[in-house]
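A.B. asks: sequence and predicted structure below; questions after.
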Amino acid sequence: MIANDLLDNLPLLTDGYKLTHHAQYPEGTEGVYSYFESRVGATYSETVFFGLQYLLKRHFEGEVVTGAMIDAARAFTDAYFGRPGLFNEPMWRHIAGRHGGRLPVRVRAVAEGVSVPASHVLVTVENTDPACFALTNHLETVLSHLWYPCTVATRSRKIKLLLARFLDETAGPEARAGLPYMLHDFGYRGVESAEAAGVGGAAHLVNFRGTDTLAGVQTAMRYYGAGPDCAASVPATEHSVMTSLGPEGEAGLFGRVLDLYPAGAVSVVSDSYDIFAAVRGVVCDPAYRARVLARDGVLVIRPDSGDPVTTLLRLLDILAEGYGAAPNARGFREIHPKVRLLWGDGLGYDGVYDILNALRSAGWSAANMACFGCGGGLLQRLDRDTQRFAFKCSAQKRDGVWRGVAKNPLDTTKASKRGRLALVRGEGGGWRTVPEDEALPGRNLLEPVFEDGRLLRDMAFDEVRRNAAL
């Protein structure tokens with residue numbers, strides 16, 4: 001780490017006003033205990049917990065505070081506020097000297113991948129050195145970034161539940177084998193940074209394996225020990241390929257793709273000019289059809305514009321004429337298994353539902369869709385208020401005694417919890433947030449994950465996925 005690189009300077013990885021809080025706590029303060037939750041009123045009734053290990057490894061593990069960083073942070077703070085003396089230099093010098101630059105905090109959290117109902121504690125944080133009581137909420141800013149991977153993983157899982165329901169209703173049990181690939185992440189270009197693509201892309205992979213957001217795969221590899229085979233994609237064309245020779249060359253380029261990839265799934269965008277003419281006149285042309293049927297794999301046709309419901313229904317009719325269709329065991333029609341469809345333009349949860357519902361109403365199986373592609377609707381069209389995430393102080397230790405603290409504003413949905421907390425499940429499986437001293441030994445689901453600069457729990461990505469399994 002470059003000492004004067006302020007963007008990676010931990011004493012400055014916080015909101016500006018928090019730099020002054022150390023002087024504002026009451027005299028005798030020794031401990032600050034805070035928690036993180038998805039508050040009541042969240043868009044989704046449950047939240048998939050994911051991303052803490054990434055943040056801990058990325059920002060907090062090991063020696064993260066040095067004397068040079070403190071010098072740079074003090075100079076920045078003096079200039080930022082326009083006056084000296086506001087920076088908490090004694091605490092940071094204490095951390096650098098007494099603790100070797102390791103953060104004297106303890107973090108407990110529910111296991112990653114677990115889906116927890118809204119309004120329950122997910123993480124608790126407290127300082128382990130009385131001289132560093134201000135550290136707990138200094139870290140709030142970075143830890144609150146949990147909202148993003150948690151929300152992406154939650155939305156991804158919600159769509160997975162939707163897909164599973166429609167597959168179970170309209171296809172045989174064998175169709176479930178394709179479920180892990182039925183929501184494909186196209187969001188790399190739709191987010192604001194490579195880091196967001198990595199974090200959000202990995203969050204999606206908690207539930208699915210289909211992605212073209214390579215940063216998500218790489219983030220899962222670096223921070224959760226995954227292998228590159230934790231995700232998959234297929235060869236696919238784009239408009240720059242399919243328009244290379246103009247409208248008259250589209251058929252030849254389609255044939256070139258069939259030659260290049262005689263086996264395995266391959267995706268061809270087919271609406272560069274007229275999707276219906278392309279599918280009827282090229283894909284269903286007897287000569288090309290014979291080549292498609294001879295392949296050892298599936299041809300996926302991708303429309304890229306227009307109304308998804310009407311376009312897909314019309315394409316299914318055209319493909320049924322060209323390749324045949326038959327009812328499955330549940331009585332819903334499926335086109336020839338060598339041909340499938342993909343829709344990936346402008347989708348979110350509601351769009352996926354609208355398509356699946358329309359197909360079911362028209363007697364088509366959800367299995368006719370190889371997958372749905374989501375970009376901004378998966379990784380971008382959300383914010384911290386989607387799941388109403390908040391990081392709040394619930395207890396403070398002064399003069400050797402822990403005291404519960406809480407807020408109770410006019411907006412009662414923003415009321416916070418009081419005291420030291422535990423997360424437990426009852427005999428019937430119901431979740432409860434209770435005072436820490438009321439949780440029976442071994443029943444608190446908030447496990448120690450980080451203490452005094454050391455990671456205590458290092459979860460493998462496969463374990464996260466098992467926790468998130470339907």
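C.D. replies: Happy to help now that I have it.

A.B. asks: tell me, what residue is most central in the chain?
C.D. replies: The centroid of the chain falls nearest to residue 203 when counting by C-alpha atoms, centre = their mean (2.8 Å).

A.B. asks: got the contact list for that residue?
C.D. replies: Counting by C-beta atoms under 8 Å, 6 or more residues apart in numbering, residue 203 makes contact with 48, 50-51, 148-150, 152-153, 156, 216. Backbone N, C-alpha and C define where each C-beta goes, glycine included.

A.B. asks: just the ones of those residues in strands?
C.D. replies: Taking DSSP state E, the ones among the contacts of residue 203 that sit in strands are residue 48.

A.B. asks: can I get the contacts of residue 203 in CSV with neighbour count?
C.D. replies: Output for the contacts of residue 203, formatted as CSV (neighbours: other C-beta atoms under 10 Å):
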residue, neighbour count
48, 29
50, 33
51, 28
148, 23
149, 27
150, 26
152, 32
153, 27
156, 25
216, 27
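
A.B. asks: ok, so of the contacts of residue 203, who is nearest residue 338?
C.D. replies: Within the contacts of residue 203, the smallest distance to residue 338 is 28.6 Å, found for residue 156 (C-beta to C-beta).

A.B. asks: my guess is that closest one meets residue 382, correct?
C.D. replies: No - using C-beta atoms under 8 Å, residue 156 is not in contact with residue 382, being 11.0 Å away.

A.B. asks: shared neighbours of those two, anything?
C.D. replies: Counting by C-beta under 8 Å, 6+ apart, nothing touches both residue 156 and residue 382.

A.B. asks: so what's the closest residue to residue 238 other than its chain neighbours bridging to?
C.D. replies: The spatially closest residue to residue 238, leaving aside those adjacent along the chain, is residue 269, at 6.1 Å (C-beta to C-beta, 6 or more residues apart in numbering). Taking DSSP bridges as the rule, residue 269 bridges to residue 302.

A.B. asks: CSV for the contacts of residue 203, including pLDDT and distance to residue 23?
C.D. replies: Formatted as CSV, the contacts of residue 203 follow (pLDDT from 0 to 100; distance: C-beta to C-beta, whole Å):
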residue, pLDDT, distance to residue 23
48, 98, 39
50, 98, 36
51, 98, 32
148, 98, 31
149, 98, 34
150, 98, 33
152, 98, 38
153, 98, 38
156, 98, 43
216, 98, 42
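
A.B. asks: reformat the contacts of residue 203 as CSV; add distance to residue 420.
C.D. replies: What follows is the contacts of residue 203, written out as CSV (distance: C-beta to C-beta, whole Å):
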residue, distance to residue 420
48, 25
50, 24
51, 24
148, 27
149, 26
150, 23
152, 30
153, 27
156, 32
216, 36
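
A.B. asks: for the contacts of residue 203, which one is nearest residue 433?
C.D. replies: Nearest to residue 433, judged by C-beta to C-beta, of those is residue 150 at 16.7 Å.

A.B. asks: which residues are in contact with the closest one?
C.D. replies: The contact partners of residue 150, taken as C-beta under 8 Å, 6+ apart, are 38, 47-51, 122, 203, 387, 389.

A.B. asks: ok, of these, which one's closest to residue 306?
C.D. replies: residue 203 (29.9 Å).
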